[in-house]
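Student: Quick check, what structure comes out for this input:
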Amino acid sequence: MLVEKFKEIYRYRSNLWTIANFNLKDRYAGSLLGLAWAVVVPCLLMLSVTVVFRYVFRIEIKNFELFVFSGLFPWMFTSSALFDSATSLVSQRNILRQFAVPRIVVPLASALTNFLNYIFGFLLVYPIFLIVNPGIIELFPVFTFTIVTHFIFVCGLGLLLSVINAFYRGLTHVLGVVLIIWLWATPVFYDPLMVPVEFRWVIYCNPMNLYISAYRDVLFFGRLPQPNLLAVMIIFSFIVFVSGLFVLSKNERKILKKI
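Tutor: Model (predicted):
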């Protein structure tokens, strides 16, 4: 069953790419800055956070702006991709009913749309990290590995959420709150070592900590992440993705009735 799903994804890869490109163009249609919003929004958020944390909470981290950027970009991709994927089956129900489009293509296309937006933003931001620390160019393969495993994780979790939302529409209302809580439980704006020892288990049980740590090691600290961290990332991403495929395939026939 899972093998068939992988084959289905490959068979409809052109449709997946077409839908993702259409969604991305539609998102910025008529916008003055277009795709540049992929950088402008994170920059504005980074600046506001920097003011609060540096001048109010007096956090003393060298190049704090880049410290935040290295975690904020991955988080914003995760947040937007999960929300769009979760609502995709319901929002695209007319297309699913009228055309012979596999259900799995819709949430994956939503994740891919946000991924393309994310990559474009990072292409503009990455040179800044290079200027500050030129040595990170040697870690580009690890950076690419981190992006790919992160994307696989988001796709898998997005598939799970899309199925849940198809059966329980209230998920969209809860998800927004959960994502805010998850953001503050993720070391995006702070170092995990700043958290009191008795509460660090929350950070270490947080799957996003894996990816944020890897991004920050490569981009901000200019060092190779621990091998065990990279191993856990790829194993965890694969497990989540396969789980998403399994849950969707088991409920595929019921989804059209629910949406």
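Student: Looking at stretch 65-75 now, give me its mean pLDDT.
Tutor: Mean pLDDT, computed over stretch 65-75, is 89.
Student: actually stretch 110-118, not the one I typed
Tutor: 92.
Student: who's in contact with that stretch?
Tutor: With CB atoms under 8 Å, 6 or more residues apart in numbering as the test, stretch 110-118 has contacts from 16-17, 19-21, 23-24, 27, 35, 38, 73-74, 76-77, 80-81, 84-85, 88, 151, 154-155, 158. Every C-beta, even on glycine, is put in place using the N, C-alpha and C of the backbone.
Student: got it, and stretch 232-248?
Tutor: 1-2, 5-6, 103-104, 107, 145-146, 149-150, 152-153, 155-160, 162-163, 207, 210-211, 214, 255.
Student: Now, those residues that are in strands?
Tutor: Under the assignment DSSP state E, the contacts of stretch 232-248 contribute nothing to strands.
Student: just the buried members of those residues?
Tutor: Buried members of the contacts of stretch 232-248, counted by 16 or more other CB atoms under 10 Å: 5, 103-104, 107, 145-146, 149-150, 152-153, 155-160, 162-163, 207, 210-211, 214, 255.
Student: Filter the residues you listed down to the ones in helices?
Tutor: Members of these lying in helices (criterion: DSSP state H): 5, 107, 145-146, 149-150, 152-153, 155-160, 162-163, 207, 210-211, 214, 255.
Student: quick one: buried residues of stretch 173-183?
Tutor: 175, 182, 183.
Student: contacting residues around it?
Tutor: Here stretch 173-183 has contacts from 75, 79, 82, 83, 86, 161, 165, 206, 208, using CB under 8 Å, 6+ apart.
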